[in-house]
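Chemist: Sequence first, predicted model second:
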Amino acid sequence: MSGALQDWKSQKKPFAAVVTAPVFWLALFFVAPMAIVWLYSFGQNAGPADIEISGTLDNYKRATEWLYVSIFLKSFAVAGLTTLLCLIIGFPVAMAITFAAPKWRPWLLLGIMLPFWTNLLIRTYALMALMGTNGYMNKGLAGLWEGASWLRTLVGMQPLDAWTPVQLLYNNFAVVLGLVYVHLPFMVLPLYSALDRLDKSLIEASLDLGAGHLKTFMQIVVPLAAPGIVAGVMITLIPALGAYLTPDLMGGTDSQMIANVIERQFKRANDWPFGAALSFLLIYAMFILIAFQSMRSNKVKAA
Amino acid sequence: MFNRTPIAPLEYTRKLWMRSWVGLTMLFLYAPLIILMIFSFNDSKRNVVWKGFTLKYYEKALNNDSLVEALVNSLTIAALATIVSLVIGALAAVALWRFRFPFKGLVEGTMSLPIIVPEICLGVAFLIFFAKVDWPTDLAWPLNLSAITIAHITFCFPFVAMVVRARLASFNKEEEEAAKDLGATEWQAFRDVLLPHIRPALVAGALLAFTLSLDDFVITFFTSGPDTITFPVKVYSMVRFSVTPEVNAASTILILLTVILTFIALKLQGVKGIAETH
């Protein structure tokens, strides 16, 4: 279809009619705000409500302090672990949807998508209610604990001490669980669309020729679904890396991720230039991730 | 479901472990939401023990003026942002699909950025921007929501453009040419030929923009002032400082709203169509 593109000069009026509004909007309400943040990242506080853009690199220098580097590394680790868990949980689900009977498939897809459409804050809050010291997860654990205690009395041992509710919230475990909960649909949908396009006769051929299910999976399904896996990983990793709400509500004092540190510069710490520098470092990290991905997909295309 | 034919090699979905896996995943996704919804009817301040059915928290939530105001604000912003995003997004899609022009790659790349840039960075950018240009904050309703609405349009319209552009790829340009050969003006051809073709994408894009706007917390958190609280920002402060059953009731209302919207989308589009928009 690209051959049918019209040159803008041949149809100046219709071109102007369609292009003006989007370009104007982008320039004024996206490029301009981002440019101001970028400029601020080279500035310093010069009074209570005044920021002087002095071209200083101090903000970036401060970002290389171990405190901030460690938070960046930690954010990557948490986002990476979240992505890995989503992949492990999501792949069988995507497989199940792909190979489900046609009448079931749309409903399974809908089942994955409905939480995706539900408000993020409500979902986080619902999970928090479940995980609180009075929540059902603690009740379930208490039941297991009492069961174990009863088993001990059966074999003649002392019963365990009474169950004390454990704090499941406000730690790193809660943050990872919360992020997995929120991002799982992001992973399943691209995996499904890749698996759906896969030629199923290849799997049959592999099974017919004597390979087991596991071998077929590792050597046929995974390589063929690679573009979907990469897409799912990117689509999960990028928002997880910039997550603000989950670590803020479900994390403890040591589960701060980079977005929480940025927020603090703009609210409590009131150091806008430093916050601006951290924002741009996060954006650069995203760009590097995306560059890696496109390099990979170019390699695949070339091969 | 329980027929006794032997399981064929590719019927992975009929294997027990696979079914349990899917079942457990669905349980993981839905149990928190369903428990939240059930306990919004519970006649007890503490959330765990069922004490009997009541609607009093719905009454309380609906009598909580600031909560209702926040919900009205959210719906107003979502509606305005959807309308503007739909227009700008559709125009952008048509421009990129139809024309060759200088710096096209730059425009296309920049337009995908609001999707990629982390929400927190976009929120910060709007906070600084509106402070820098001294955006008036003391306007009458609904003009006082303009800053939040502008921010929402910026991150919604690229999604609309993406959905519409995917639909345009299947448009047969000869139809438009035929219309013009038969004497239609540029505008008539657009209105009577192109627009009907992209209508399903416009519906999908509108629903996507509406939910994205209604869902947004982080960007709104940075652009909202004391008089312009949206529903997620309000729920956030309620969750932060004191968990009340009112939040359960209000959340249930919003969940049901989402489910209804999704089913409307389903009726209009079919499940497959919605799957493709993501």
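Modeler: Cool, got the structure. Numbering: from 1, shown residues only, chains lettered A, B, ... in the order given.

Chemist: Once you drop chain neighbours, what's closest to A:Phe29?
Modeler: B:Thr154 (4.9 Å; C-beta to C-beta, 6 or more residues apart in numbering or on different chains). Glycine gets a C-beta too; all of them are placed from N, C-alpha and C.

Chemist: try A:Gly252
Modeler: That would be A:Tyr170: by C-beta to C-beta, 6+ apart, it lies 4.1 Å from A:Gly252.

Chemist: helix, strand or coil for that neighbour?
Modeler: Secondary structure state of A:Tyr170, per DSSP: H, G, I helix; E, B strand; the rest coil, is coil.

Chemist: ok, it - contacts?
Modeler: A:Tyr170 sits next to A:Met250, A:Gly251, A:Gly252, A:Ser255 when contact means C-beta atoms under 8 Å, 6 or more residues apart in numbering or on different chains.

Chemist: Please enumerate the strands of chain A.
Modeler: All strands of chain A, identified by DSSP state E, fall at A:6-7, A:43-45, A:51-53.

Chemist: How about the contacts made by the nearest residue to A:Thr82 once chain neighbours are set aside?
Modeler: Closest residue in space to A:Thr82, ignoring its immediate chain neighbours: A:Leu179 at 4.2 Å, by C-beta to C-beta, 6+ apart. Contacts of A:Leu179 were listed using C-beta under 8 Å, 6+ apart, and they are A:Val78, A:Ala79, A:Thr82, A:Ala240, A:Ala243, A:Thr246.

Chemist: what's B:Asp138 sitting at in phi/psi?
Modeler: phi -100, psi 30 (degrees, to the nearest 10).

Chemist: circling back: and the residue nearest to A:Phe29, what pLDDT?
Modeler: pLDDT recorded at B:Thr154 is 96.

Chemist: does it belong to a helix or a strand, and which?
Modeler: helix B:146-168 (DSSP states H and E).

Chemist: all helices for the stretch 1-150 of chain B, in order.
Modeler: Applying DSSP state H, counting those that start in this stretch to the stretch 1-150 of chain B gives helices spanning B:16-39, B:56-63, B:65-98, B:104-116, B:119-132, B:146-168.

Chemist: As a markdown table, these with mean neighbour count and distance to A:Glu146 would be great.
Modeler: Shown next, in a markdown table, are these (neighbours: other C-beta atoms under 10 Å in any protein chain shown; distance: least, C-beta to C-beta, whole Å):
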| stretch | mean neighbour count | distance to A:Glu146 |
| --- | --- | --- |
| helix B:16-39 | 16 | 21 |
| helix B:56-63 | 16 | 32 |
| helix B:65-98 | 21 | 40 |
| helix B:104-116 | 15 | 49 |
| helix B:119-132 | 24 | 43 |
| helix B:146-168 | 24 | 49 |
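
Chemist: Can you lay out the ones you listed as TSV showing distance to A:Met95?
Modeler: Listed next are the helices of the stretch 1-150 of chain B as TSV, based on distance: least, C-beta to C-beta, whole Å:
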stretch	distance to A:Met95
helix B:16-39	7
helix B:56-63	41
helix B:65-98	34
helix B:104-116	28
helix B:119-132	31
helix B:146-168	26
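
Chemist: before we move on, back to that, how near is the residue nearest to A:Thr82 to B:Leu24?
Modeler: 18 Å (C-beta to C-beta, to the nearest Å).

Chemist: Identify the residue of chain B closest to chain A, quick one.
Modeler: B:Pro118 (2.9 Å; C-beta to the nearest C-beta).

Chemist: and the spatially closest residue to that residue that is not a sequence neighbour, what is it in contact with?
Modeler: Once flanking residues are discounted, B:Pro118 sits nearest to A:Gly242: 2.9 Å by C-beta to C-beta, 6+ apart. Residues near A:Gly242 by C-beta under 8 Å, 6+ apart: A:Ile258, A:Ala259, A:Leu282, A:Met286, B:Pro118, B:Glu119, B:Ile120, B:Cys121.

Chemist: per-residue pLDDT, A:Gly242?
Modeler: You'll see A:Gly242 listed with a pLDDT of 92.

Chemist: list the contacts for the residue positioned nearest the centre of chain B?
Modeler: Among the residues of chain B, the one closest to the centroid is B:Thr211, at 1.7 Å (C-alpha atoms, centre = their mean). Neighbour list for B:Thr211: A:Trp117, B:Thr258, B:Leu261 [criterion: C-beta under 8 Å, 6+ apart].

Chemist: Need those in CSV (columns: neighbour count and pLDDT).
Modeler: Output for the contacts of B:Thr211, formatted as CSV (neighbours: other C-beta atoms under 10 Å in any protein chain shown; pLDDT from 0 to 100):
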residue, neighbour count, pLDDT
A:Trp117, 22, 82
B:Thr258, 21, 83
B:Leu261, 15, 81
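
Chemist: No more questions from me, cheers.
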